[in-house]
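Engineer: What follows is a predicted structure for the sequence shown.
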Amino acid sequence: MTLRIVFLAFIVLPFTLFGLPVQLSIVALRLPFWQVLPAIFFKLVAFGLGLRVSLAGQPLAKGPVLIVANHIGWLDIVAVASKLPVSFVAKSEVARWPVIGTFARLHRTIFVDRTRRTDTRRTAAEMSARIAQDVPVLLFAEGTSGIGTHVLPFRSALMGAALQDGARIQPLAIAYTKISGLPLSRSERRQIAWIGDMGIGDNLGAILGSGPKDVVLAFGAPIPAQGDRKRNAQRAENTVRRMLNALNRCDPLPRDGEVV
């Protein structure tokens, strides 16, 4: 734990202090390489937190895509952003959080106010515009987080953002499979997951105090964004559930999530 704190304090913190004003200028000027500094930042943070992230399946490299995933905690963002240049969709409260809200805005996060039904249309339009720019958008489709043993029903309201010509929906299963090389127990999953009324300080302390954590990002076969959004949400949910169950059991992935 001490070595991780030293790494975060003397490597990640100086990089952050240097990179924040640069990233602020890049985002303000709408320059196309806005994802470069965040990618380096999240790789450093992932290393500092002991995350060992691997990919399974093939993420779409080109074309408009909405990625829909299960959600376990804020570590998901670090794991995904350390490997993929995506824009996240997050609840509006995140924008008001100290420090984290600033980071989220500089990463061009799309915020949604879940207390206002009318905000769904605005958020979907922003997602659609970002997708049309060939920037992958990632939606945690459950609308909440769990401990990583199962998948909750996917909400379809925002998935209509992908319903445009040529767009595709790609299911993503996020699975924390091992700590210190051993399969996770249920109690260890609660050290990683951010659930209930757990404070971020307690969660961060548990993460820093645990051994190296293996995380698998498993991509399913893309789904054409055509037809009914509820049907698309159900298809994506079924794919993510099959892949997550397989990864948790250390079984081979189903045909729509083959390991590469």
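Structural biologist: Structure received.
Engineer: What is the burial count for residue 228?
Structural biologist: Neighbour count of residue 228, defined by other C-beta atoms under 10 Å: 11. Heads up, the C-betas are built off the backbone N, CA and C, glycines and all.
Engineer: Against residue 111, how distant is it?
Structural biologist: From residue 228 across to residue 111, the span is 26 Å (C-beta to C-beta, to the nearest Å).
Engineer: And residue 253, by the same measure?
Structural biologist: 33 Å.
Engineer: now do residue 232
Structural biologist: Per C-beta to C-beta, residue 232 is found 23 Å from residue 111.
Engineer: Likewise for residue 191?
Structural biologist: Residue 191 sits 28 Å away from residue 111, taking C-beta to C-beta as the criterion.
Engineer: Helix or strand next in line after the helix or strand where residue 121 lies, which one?
Structural biologist: Element membership for residue 121, per DSSP states H and E: helix 119-132. Next along the chain after helix 119-132, taking DSSP H and E as the criterion, comes strand 137-140.
Engineer: So which elements touch that next one?
Structural biologist: Counting contacts by 3 or more C-beta pairs under 8 Å, 6 or more residues apart in numbering; DSSP states H and E, strand 137-140 packs against strand 65-69, strand 87-91, helix 119-132.
Engineer: The nearest residue to residue 90 once chain neighbours are set aside: how many residues sit nearby?
Structural biologist: On the basis of C-beta to C-beta, 6 or more residues apart in numbering, the spatially nearest residue to residue 90 that is not a chain neighbour turns out to be residue 109, at 5.2 Å. If you count neighbours by other C-beta under 10 Å, residue 109 ends up with 17.
Engineer: I'd assumed residue 92 was in contact with residue 109.
Structural biologist: No - using C-beta atoms under 8 Å, residue 109 makes no contact with residue 92, being 10.3 Å away.
Engineer: Residue 111: which element?
Structural biologist: Using DSSP H and E, residue 111 falls in strand 110-112.
Engineer: can you pull the buried residues of that strand?
Structural biologist: Going by neighbour count (16 or more other C-beta atoms under 10 Å), the buried part of strand 110-112 is 110-112.
Engineer: Check which residues of stretch 79-88 are buried.
Structural biologist: When burial is assessed from 16+ other C-beta under 10 Å, stretch 79-88 yields the following buried residues: 79-84, 86-88.
Engineer: Run the chain-centre distance for it.
Structural biologist: Offset of stretch 79-88 from its chain centre (C-alpha atoms, centre = their mean, to the nearest Å): 6 Å.
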